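Colleague: 3D, please:
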Amino acid sequence: MTRSPASWKGDIGWHAQALCVGEDPELFFPLAETAAGTAPARAVCRRCPVLLDCRDWAVRHGETDGVWGATTASQRRAMRRAVLDR
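Modeller: Numbering: from 1, shown residues only. Coordinates of the predicted model:
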């Protein structure tokens, strides 16, 4: 994967404020979804003013790769399952 969350084109207006703009896209798409592999990206996300917008967008759109809004793909799958199980 070679795009950063902020480079996603579409119906998102919040992306211009994202702190991932200008960061190395590989940071947000580590080879392994481990705590060590995702920690650098999640650290950027936790300082980001649009963290919740990013996370919400990734969950709603079923983003299956990378770190979005300080969450991993498996965390977002769990969020979607929790909503669907209601």
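
Colleague: Please tell me how far the residue nearest in space to the middle of the chain sits from Arg86.
Modeller: Nearest residue to the geometric centre of the chain (C-alpha atoms, centre = their mean): Trp68, 0.5 Å. Here Trp68 is placed at a distance of 22 Å from Arg86 (C-beta to C-beta, to the nearest Å). Every residue, glycine included, has its C-beta placed from N, CA and C.

Colleague: before we move on, what about Thr72?
Modeller: 22 Å.

Colleague: Could you name the helices and strands sitting against the helix or strand of the chain with the lowest mean pLDDT?
Modeller: Scoring the helices and strands of the chain by mean pLDDT, DSSP states H and E places helix 73-84 at the bottom, with a mean of 90. Under the contact criterion of 3 or more C-beta pairs under 8 Å, 6 or more residues apart in numbering; DSSP states H and E, helix 73-84 touches helix 51-60.

Colleague: Verify the stated contact: Val21 with Trp14.
Modeller: No. Contact criterion C-beta atoms under 8 Å: Val21 and Trp14 do not qualify, at 11.1 Å.

Colleague: between those two, who's got more neighbours?
Modeller: Trp14 (16 against 13; other C-beta atoms under 10 Å).

Colleague: what angle sits between the least confident helix or strand of the chain and helix 51-60?
Modeller: 80 degrees (axes from the mean of the first three to the mean of the last three C-alpha atoms, to 10 degrees).

Colleague: Report the distance from helix 73-84 to the chain centre.
Modeller: Put simply, helix 73-84 sits 13 Å off its chain's centre (C-alpha atoms, centre = their mean, to the nearest Å).
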